[in-house]
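>>> sequence plus predicted model, see below.
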Amino acid sequence: MIGESELLSVATTLPEPAFDLHYLHYPLDVPDGVSELELVLEYDKIVDVVQIYAVLLEPDGTFRGHVQCPGGPGPRRLVIRVGADGAGPGCVAGPVPAGRWTVRLDLDRHKAAAPYTLTVRAAQTPAGAAAGAASAPARDAATEPARGVATGVARGVATGPGGREARPRRAVGGPGWYRGELHSHSAHSDGRRPVADLVRAAKEAGLGFLAVTDHFTAAHWPDLDAHDDIVLLHSMELTSHRGHANLHGLTRWVDTYVDRPDHTMVDVTADVHGQGGLVCVNHAFSGDQAWRRFDTPWEAVDLIEIAHLQQGANNDAQIGLWDRLLTSGHRVIGVAGSDCHDPADPGQALGQVVTVVHADEGSERGIVEGLRRGRVRVWRGADVDMHVNGAPMGATAAAPGGRVQVDVDVRADEPVVVFVLRDGLLINVVPAADKPGEWQRITVEDRLAAPGDRSTDHRAYYRAYYRAEVHADPGRNDPRFWASSLRDHSSLRAAGNPVWVRPDG
């Protein structure tokens with residue numbers, strides 16, 4: 001750095017873990033004339049025990065950069081670089097305003113005290129160098145409050161502070177079904193590859209849309225603009241200490257640092273919905289990353305991952321949670337995600353678990369609105385569509401006299417079994433004919449209690465929903481399967497979203 005000066009230098013040890021200790025804050029005074037800031041955080045990573053991220057915020061709380069610590073255990077040197085002429089991965093380029101900035105250390109895993117060092121250096125233009133750059137004294141990070149960090153935005157992620165120009169992009173297609181990926185990461189957070197590699201892999205997998213959901217940051221959004229032959233969603237992943245959630249269809253950065261009392265998931269969901277976006281709860285049973293954000297109103301959640309490529313048996317628990325939410329009256333749409341961090345790794349390559357959306361057009365707004373409407377299926381080798389009394393997935397059907405006809409359309413390249421569920425419980429299990437690659441229809445009839453029928457608790461009538469799953473057929477002559485109707489994440493080939501019913505006597 002030309003005209004380099006040190007604004008902050010700290011060599012200390014993390015405090016002992018505490019239930020409500022999530023962040024440490026260091027203020028630093030940036031003088032006039034600074035053209036670039038460089039933050040360096042060094043410590044020894046102990047996986048799931050000591051993992052620290054760094055965040056850089058302008059005086060008014062504007063987000064400027066974030067850095068994570070991907071990989072295994074060992075020494076880490078994490079760098080944030082921001083300036084008018086460019087920025088490092090996960091960071092936002094732009095002028096460096098004078099004033100009191102804040103460094104936030106995000107204690108993502110804090111189960112032991114550990115040493116670390118933190119330095120911030122500034123480069124000045126020749127005109128500003130004469131004014132000097134007084135070093136700010138190190139503060140007590142555990143007790144110093146963060147200043148101006150409650151309502152931050154992202155600077156310059158597109159056309160100006162706080163947002164991107166809502167210029168329409170050319171739609172890649174008209175009404176129909178679109179296959180895509182809703183959970184992936186680039187080198188702007190903890191992914192291994194640039195955005196261009198993810199886009200290339202998505203197209204090679206035959207996908208029509210892709211959401212790059214980098215943790216905390218929107219710095220990857222400008223990289224999306226280089227591609228116009230696939231639908232790309234402006235997304236990011238909220239990565240709190242008590243759960244992760246993808247945010248889709250955004251027009252500006254969202255403050256996702258919710259592990260503080262003055263900014264909660266209520267604020268986040270209101271911001272996302274104010275932008276016309278969607279909130280998706282991710283891998284809800286994944287250890288330290290499991291969803292434990294009890295400040296979240298479920299009525300504000302739009303989507304939930306029910307099929308995660310890398311979550312194994314946790315997917316069974318996720319589908320169970322989904323059914324509990326649905327039977328409680330919440331309208332939450334089930335989706336899939338690979339959580340891909342490296343498309344070159346066969347274990348997380350794109351296209352193995354896919355969300356398929358019926359959209360009015362192949363555009364970002366078309367995909368977002370298609371997800372919101374709920375004519376959506378999860379693909380793991382088979383396709384499924386469903387209508388109840390003629391109403392498609394995501395819609396509400398009339399049921400005159402309580403009569404219900406469920407039509408399930410299925411297509412698979414292997415023998416499969418169709419499970420039809422009402423309110424989370426099986427009402428029928430039907431083997432599909434062995435017709436590889438051909439659509440076929442399975443029809444199941446049911447009867448709901450009419451509103452005036454006192455012989456049955458008709459309250460169930462008002463909240464009934466139907467959905468369908470497709471599973472690999474274990475063999476037509478397996479009496480254990482047909483006696484138990486056993487199914488799980490390993491046999492799942494497709495899952496459709498619900499059709500709700502309403503009284504219509």
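Yep, that arrived.
>>> ok, and for stretch 252-271, which residues are buried?
252-260, 263-265, 267-269, 271 (16 or more other C-beta atoms under 10 Å). Every residue, glycine included, has its C-beta placed from N, CA and C.
>>> ok, now stretch 30-41?
Val30, Pro31, Gly33, Val34, Ser35, Glu36, Leu37, Glu38, Leu39, Val40, Leu41.
>>> before we move on, the earlier item: state the pair within the buried residues of stretch 252-271 that is farthest apart.
Arg252 and Asp259 (21.3 Å; C-beta to C-beta).
>>> using CSV, lay out the buried residues of stretch 30-41 together with pLDDT.
Formatted as CSV, those follow (pLDDT from 0 to 100):
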residue, pLDDT
Val30, 96
Pro31, 95
Gly33, 93
Val34, 96
Ser35, 95
Glu36, 96
Leu37, 97
Glu38, 97
Leu39, 98
Val40, 97
Leu41, 97
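>>> among the residues you listed, which are in strands?
The strands, defined by DSSP state E, take in Val30, Val34, Ser35, Glu36, Leu37, Glu38, Leu39, Val40, Leu41 from these.
>>> can you give me the strands in the stretch 1-150 of the chain?
Under the criterion DSSP state E, counting those that start in this stretch, the stretch 1-150 of the chain contains strands at 4-13, 23-30, 34-45, 50-57, 63-67, 74-83, 86-87, 99-110, 115-124.
>>> most tightly packed of these?
Most buried of the strands of the stretch 1-150 of the chain by mean neighbour count (mean count of other C-beta atoms under 10 Å) is strand 63-67; its value is a mean of 27.
>>> report the angle between the axes of it and strand 99-110?
30 degrees (axes from the mean of the first three to the mean of the last three C-alpha atoms, to 10 degrees).
>>> average model confidence for strand 63-67?
Taken as a whole, strand 63-67 has an average pLDDT of 96.
>>> now render the strands of the stretch 1-150 of the chain as TSV, adding distance to Arg377.
Formatted as TSV, the strands of the stretch 1-150 of the chain follow (distance: least, C-beta to C-beta, whole Å):
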stretch	distance to Arg377
strand 4-13	51
strand 23-30	40
strand 34-45	39
strand 50-57	35
strand 63-67	34
strand 74-83	40
strand 86-87	39
strand 99-110	34
strand 115-124	46
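>>> nearest to Ala464, out of those strands?
Nearest to Ala464, of the strands of the stretch 1-150 of the chain and by C-beta to C-beta, is strand 99-110 at 41.9 Å.
>>> run the chain-centre distance for that closest one.
Strand 99-110 has its C-alpha centroid displaced from the chain centroid by 22 Å (C-alpha atoms, centre = their mean, to the nearest Å).
>>> may I have the beta-bridge partners of Lys45?
Gly74 (DSSP bridges).
>>> now it: how far from Leu448?
55 Å (C-beta to C-beta, to the nearest Å).
>>> re earlier: out of the buried residues of stretch 252-271, which sit inside helices?
Met265, Asp267, Val268, Thr269, Asp271 (DSSP state H).
>>> contacting residues for the last one?
So the one you mean is Asp271. Applying C-beta atoms under 8 Å, 6 or more residues apart in numbering to Asp271 gives the contacts Val254, Asp255.
>>> show me where this protein has its helices.
126-129, 195-204, 221-224, 265-274, 314-327, 364-373, 459-463, 479-484.
>>> redo the ones you listed as TSV? Include distance to Asp504 and mean pLDDT.
Shown next, in TSV, are the helices of the chain (distance: least, C-beta to C-beta, whole Å; pLDDT from 0 to 100):
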stretch	distance to Asp504	mean pLDDT
helix 126-129	72	50
helix 195-204	43	97
helix 221-224	45	96
helix 265-274	31	97
helix 314-327	20	96
helix 364-373	21	98
helix 459-463	10	50
helix 479-484	35	74
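>>> closest one to Trp291 among these?
Of all the helices of the chain, helix 314-327 comes closest under C-beta to C-beta, at 8.4 Å.
>>> which strands or helices does the closest one pack on?
With contacts taken as 3 or more C-beta pairs under 8 Å, 6 or more residues apart in numbering; DSSP states H and E, helix 314-327 sits against strand 303-308.
>>> listing request: residues of the stretch 101-250 of the chain with sub-threshold pLDDT.
126-169 (pLDDT under 70).
>>> switch to 90 and redo it
Scanning the stretch 101-250 of the chain for pLDDT under 90 picks out 124-172, 225-229.
>>> before we move on, what about the stretch 351-500 of the chain?
Checking the stretch 351-500 of the chain against pLDDT under 90 turns up 401-402, 434, 449-463, 474-487.
>>> number of nearby residues for Asn477?
7 (other C-beta atoms under 10 Å).
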